[in-house]
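K.L.:
show me the folded form of this:
(one chain, ligands or ions: 1)
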Amino acid sequence: MPVEHAAATIIDGKAFAAALVERVSAAAGRLASSTGVTPGLAVVIVGNDPASQVYVRNKGDTTQRAGMRSDTHRLEESVSQAELLALIATLNVDSGIHGILVQLPLPAHIDAAAVIGAIDPDKDVDGFHVVNAGRLAVGLRGLVPCTPLGCVMLLRSELGDLSGLNAVIVGRSNIVGKPMAQLLLGESCTVTVAHSRTLDLPALCRTADILVAAVGRAEMIRGDWIKPGATVVDVGINRVPSRDPARAAEGKMRLVGDVAFAEAAAVAGRITPVPGGVGPMTIACLLANTYTAACRAAGVTPEALDG
Ligand code: NDP
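P.N.:
Residues are numbered from 1 along each chain as shown. Okay, the predicted model is just below:
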């Protein structure tokens with residue numbers, strides 16, 4: 001007999017992110033008036049990938065709305081690696097720039113690892129530099145990748161103390177799954193990281209009090225994979241054809257996560273939607289990281305930004 005459960009609480013990442021941007025903006029204003037330092041973010045984009053252009057425009061607009069300096073460097077698809085590295089070297093020593101973000105993916109002729117490795121780790125607001133990955137792994141102060149940082153902020157705000165909870169993370173990428181595991185270990189969760197070779201993934205997911213999906217496969221995680229009452233964080237962003245056959249025939253798409261939302265929401269206690277869940281937190285955390293980097297550069301302790 002299926003057990004009846006109340007529908008899950010939908011975690012409003014969009015509202016949480018808007019409030020976080022306001023807190024960052026206010027804190028950045030206080031930093032500027034007390035030290036004269038306005039946090040500055042430089043975003044570097046190479047080529048004309050339409051999705052990347054949208055992300056970069058959103059980052060620039062949000063940064064400016066928060067009262068912070070935002071510089072965007074648009075480079076031709078054909079730019080050489082040496083030219084890109086020279087720009088990074090200039091930004092590394094620019095005292096008005098506290099955060100440097102190179103929009104990925106980069107063209108195939110450029111070694112993305114070499115470019116990320118050239119960013120001053122203290123300005124690496126994406127948290128992708130190996131120095132920041134290492135700092136996170138050993139529990140040192142660094143800069144933490146924005147998407148998992150946003151997920152943990154949402155989880156802490158929803159659940160309070162996370163210690164002792166069983167967390168299952170599906171996905172082991174360097175930008176989401178692995179840093180997510182480190183952060184949840186830091187919160188004293190018992191963490192399992194699953195991936196494409198994991199055996200009996202549905203059974204493993206059913207052990208999770210916190211289930212984080214970062215796979216990139218539309219609606220892969222079904223309702224009956226979820227422990228009743230669990231908190232589900234859906235990081236996935238997947239484009240699938242519109243539900244309306246006429247619109248689908250015109251090529252119209254819609255966004256879905258890695259979790260089958262309606263099924264999961266009938267079982268989970270709390271769940272993030274797609275869109276409007278984790279996505280908005282990523283940009284908000286980018287601003288938070290830029291503010292944090294600016295404070296450290298100015299020798300000031302950053303204000304706590306959790307809601
Ligand atoms: P990657 O492709 O780098 O990693 C995907 C992970 O999923 C891999 O570890 C892979 O395992 C695992 N995986 C693939 N298929 C399966 C399967 N059938 N069963 C179990 N695990 C599987 O993706 P990212 O981490 O970069 O991104 C994940 C998703 O999150 C994407 O949809 C992306 O668009 C989204 N995203 C959203 C962001 C946001 O702001 N909301 C930011 C970043 C990403 P293996 O390692 O074995 O191959």
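
K.L.:
quick one: contacts for the closest residue to residue 75 other than its chain neighbours?
P.N.:
Nearest in space to residue 75, with sequence neighbours left out and distances taken as CB to CB, 6 or more residues apart in numbering, is residue 46 at 4.7 Å. In short, each C-beta sits where N, CA and C put it, glycine included. Going by CB atoms under 8 Å, 6 or more residues apart in numbering, residue 46 touches 75, 76, 77, 79, 84, 102, 103, 106, 107, 110.

K.L.:
which residue, other than its chain neighbours, is closest to the fourth one?
P.N.:
Yep, that's residue 79 we're talking about. Nearest residue to residue 79 in three dimensions, chain neighbours excluded: residue 46, at 5.9 Å (CB to CB, 6+ apart).

K.L.:
close to the ligand, is stretch 60-80?
P.N.:
No: no part of stretch 60-80 sits near the ligand under the criterion CB under 6 Å from any ligand atom; the closest distance found is 13.1 Å.

K.L.:
buried sites along the helix or strand of the chain with the lowest mean pLDDT?
P.N.:
Least confident element among the helices and strands of the chain, by mean pLDDT, DSSP states H and E: helix 50-65 (a mean of 93). For helix 50-65, burial by neighbour count (16 or more other CB atoms under 10 Å) applies to 52, 55, 56, 59, 60, 62, 63.

K.L.:
which residues does the following helix or strand past that helix contact?
P.N.:
Sequence-wise, the next helix or strand downstream of helix 50-65 (DSSP states H and E) is strand 69-75. Under the criterion CB under 8 Å, 6+ apart, residues 38-47, 56, 59-60, 63-64, 83-84, 87, 96-97 lie in contact with strand 69-75.

K.L.:
spell out which parts of this structure neighbour the ligand.
P.N.:
Checking the chain against the ligand by CB under 6 Å from any ligand atom, the hits are 147, 170-173, 175-177, 194-198, 201, 214-217, 235-238, 278-279, 282.
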